Structures are given as structure tokens and as C-alpha cells.
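Peer 1: what follows is a predicted structure for the sequence shown.
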Protein chains: 2
Amino acid sequence: MALSRAAIVDAGLGILDAYGLGDLSMRRVADALGVQAGALYYHVPNKQSLLAALSDEVLAEVPEPDQGLAAGEWLAVWADGVRAALLARRDGAELVASSLALGLGGVDLAAPPARRLADAGNPRPDATARALLHLILGLCVTEQTRAQLRELGVVAEFDEAAARDDFAWAVATLVRGAVLDG
Amino acid sequence: MALSRAAIVDAGLGILDAYGLGDLSMRRVADALGVQAGALYYHVPNKQSLLAALSDEVLAEVPEPDQGLAAGEWLAVWADGVRAALLARRDGAELVASSLALGLGGVDLAAPPARRLADAGNPRPDATARALLHLILGLCVTEQTRAQLRELGVVAEFDEAAARDDFAWAVATLVRGAVLDG
DNA sequence: ACCTGAACACCGTTCAAGT
DNA sequence: ACCTGAACACCGTTCAAGT
């Protein structure tokens, strides 16, 4: 099987799940493909763009909520979908957060909620959607990091149900401030 | 002058401003102090704890707003103060965000707004304060990253006034959803 | 066109040995 | 106690050379 961008992305996802973002190196990806590290650069310009591609892969799993839902409900369901996608992969939240900060990746995660907010009459749908996005990412990064620290036995305290509850509350608070007519 | 933890933190801040977080290495800090890299480990357990100390230094500049302000106003002023502190140092936002995700650092940034929210009758002051915090950090990380990309000429578009406006709007939206009585 | 082999310029961290 | 020197086990990226 010849090397290809798709194969590299696939191998990258495998390394991510098996070793985590901190141990995802170009050399390790190359090893998994039975190839020299330099060979990757024929298909991918650099590590950052590979990470952006992996981020896009994580975000591909985010579902679009039912159009019939009221704006507030729609946003809450969307936020839960993003959270689920981020937590589904090891270090998914951190991966997506850093790619997003750099403006890389082909997926514009804020676009769907911005559209829904505009429909609901929010006066600044783009700024509001980005606010929601940062809320989601920050909470998920912290939750995922803490969950891993507990798995490693570094820290004892981590209540998954409480984290889910905090997330729902935070989203509800922002939505309450954002959606005028419900 | 003998090596000390304080001197290492100081040198770290100098490297941060001069080279940025990505180029802040233990070896570079050691070089700036005219010392071998290994010597640092007599005063600091590892790089992560040095970064946490630098993060605390950045957060020491956050002022406590006037107690007389109404809750909504107080929170907006506090958020502006955090933003100013993060943007005052190169990569300040990213530094603080990553230390906070790992639960390192001695400063509990969410405590002051949590207290103010509790006073204002918010039913979940801790969760709400953390939501505000993640909003602030996410927006500031993105803003600071984008501003640097523009300085490097990598990307043309970055409107500082618009970023400040988006920040104020995002904070106002969350505060609107969080503060019941004003 | 695509990949290897080897190099360049780095990392964080450890540790025997010196003072 | 505190620091040096040197090592260990890595990095991302480039590039002449091969096929």
C-alpha cells in the first residue's frame, strides 16, 4: 500500500488514541506506516497541518441538531454533540482547541450555531457563536485533562457526572443571555 | 549572584517576552542565567512547574474591581482586567490557559468572580465563574495568536477594535444569563 | 514521483563527578 | 548544597542520493 495523505491521517488518529497528543510525533507516525519520517513531508507540509487534519476528523463527528427545535434547545443539543465528539478521542479537545486558535483546519465550527442565532434574532450571531465555542472547548479541555490525570492516578478527585452537569449549566447560562425569544 | 527559583522565574519571563512560549526552553533559560541546563533542576522540579510559576506571575497583575459595583458591572470590569493581564505579556493567554487546564499554579482565578456571583444570588457560582473564565481565556488565546500571526505577516486580517468589541459582547452575554438581579 | 539515509539543530531530564 | 559535563532518548525538518 503506497503512502498517501489519507493513510498518514489514519495513522495519526491511531497514534493519538494509543499514545496521546503529547507523544504524537512525525517519527512515530512514520514508524506506524513502516516508513522514514522524511517521507511524510512528501504528502503533508508539516506537523501542524497534520494536526489540523486530525482536528477536522474529530469535528466530522459533530451532528447537526433537528431544525425543528427552538433556538435555545437547538444550541444546547449542538453543544452536547460537540462535547461528545471532543471527548470521544484521546486529547480531542486539546487538539481541536489548538488548531482552532491557529485558524487552521477546514471546518468552521462556529458557523452552524451562528446561523441558528441569526435566525433567532440575535444581534451579533458570529460573536455569540464564538463565545459559545470557547466555552465548550475550554470546559472540555479541562474535563478531558482532569479525567486523564485521574486515570493516571496523579489526582484522585474527578466526578464525571458533575463535569457533565457543569457543562450543561454553563451552556444554559450563555444561551439564556443570548437567545431573546427562545 | 547565586541561582534561585526567583531568578529562574525572572529569566523565564524575559525569555517569554523575547522569544515566545514556543521557544522557551530550559536550556535557553539556563543560558540567560549563564548556567548549565541541569542546574535549573536543583531549584525547579520540571519545566511544567516553571510554566505554572510564570502563569501565576501573569495573573498577579489582575486587579480586583471596586466592591461597590453592581454584580454585572463588577464581572465585566474583572473580565477586562484579566484580558489586559493576559495580553500584556507575549503568549500570556496560552500560558495561563494550559497551566489552568493542568490544574497547576497557585492562583485560583475563578474564586473572585465565584464569590461575587454567590453574593448576587447566582445558584451555581462556581460553575458560572468557570464558564466565564473559559470564555475569557479562549477569546484571549485566539486574539493573541491572531495578533501575532498578523505581526509576522502570515495573515493580513486582524482588527484589534473588533476583537475588543467581540470580547465585551461575549462577556456581556454570559453575564446577562448569569446575573439575576443586576 | 516517491522514498531512504543521514544529517542539522535542537529538546527535557538525569546523574556521576567536582567544589 | 549546588553546579558542571556529559549523556540518554528523543524531537521537526531538510535534502542529496537512490529507484
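Peer 2: That came through fine.
Peer 1: what strand or helix carries the one residue in chain A that gets nearest to DNA strand D?
Peer 2: Proximity of chain A to DNA strand D (Cβ to the nearest atom of the strand) peaks at residue A:38, 2.8 Å away. Any C-beta I mention is one placed from the backbone N, CA and C, and that applies to glycine too. Per DSSP states H and E, residue A:38 falls inside helix A:37-40.
Peer 1: just give me the neighbour total for the residue of chain A closest to DNA strand D.
Peer 2: Residue A:38 has 10 neighbouring residues, counting by other Cβ atoms under 10 Å in any protein chain shown.
Peer 1: related to what we said a few turns ago, by contact count, what packs against the following helix or strand past the helix holding residue A:38?
Peer 2: Of the helices and strands lying after helix A:37-40 in sequence (DSSP H and E), the nearest is helix A:47-59. Under the contact criterion of 3 or more Cβ pairs under 8 Å, 6 or more residues apart in numbering or on different chains; DSSP states H and E, helix A:47-59 touches helix A:5-19, helix A:26-32, helix A:71-88, helix A:92-101.
Peer 1: any idea how far residue A:3 is from the residue of chain A closest to DNA strand D?
Peer 2: The spacing between residue A:38 and residue A:3, counted by Cβ to Cβ, to the nearest Å, is 11 Å.
Peer 1: for chain A, longest helix please?
Peer 2: Longest helix of chain A, by residue count under DSSP state H: helix A:125-151.
Peer 1: what helices or strands is that one leaning on?
Peer 2: Counting by 3+ Cβ pairs under 8 Å, 6+ apart, helix A:125-151 packs on helix A:71-88, helix A:92-101, helix A:111-119, helix A:160-178, helix B:92-101, helix B:125-151, helix B:160-178.
Peer 1: and the last one, how far out from the chain's middle?
Peer 2: For helix B:160-178, the separation from the chain centroid amounts to 17 Å (computed by Cα atoms, centre = their mean, to the nearest Å).
Peer 1: how about the residues of chain A by DNA strand C?
Peer 2: A:2-3, A:34-39, A:42-43 (Cβ under 7 Å from any atom of the strand).
Peer 1: for the longest helix of chain A, which residues meet the burial criterion?
Peer 2: A:125-146, A:149 (16 or more other Cβ atoms under 10 Å in any protein chain shown).
Peer 1: just flag the most distant two among the residues of chain A next to DNA strand C.
Peer 2: A:2 and A:37 (17.1 Å; Cβ to Cβ).
Peer 1: quick one, which of these two is more surrounded?
Peer 2: residue A:37 (13 against 5).
Peer 1: my read is that the more buried one contacts residue A:47, right?
Peer 2: No. Shown here, residue A:37 and residue A:47 do not form a contact pair, counting by Cβ atoms under 8 Å, at 10.4 Å.
Peer 1: anything in contact with each of these two?
Peer 2: Taking Cβ atoms under 8 Å, 6 or more residues apart in numbering or on different chains as the contact definition, residue A:37 and residue A:47 share the neighbouring residues residue A:26.
Peer 1: by contact count, what packs against the helix holding residue A:38?
Peer 2: Using 3+ Cβ pairs under 8 Å, 6+ apart, helix A:37-40 sits against helix A:26-32.
Peer 1: can you give me the buried ones in the helix it packs on?
Peer 2: If you call a residue buried by 16+ other Cβ under 10 Å, then helix A:26-32 has these buried ones: A:26, A:28-30, A:32.
Peer 1: near DNA strand D at all, it?
Peer 2: Yes. Against DNA strand D, helix A:26-32 shows contacts by Cβ under 7 Å from any atom of the strand at A:26-28.
Peer 1: average pLDDT across that helix?
Peer 2: In this model, helix A:26-32 has a mean pLDDT of 98.
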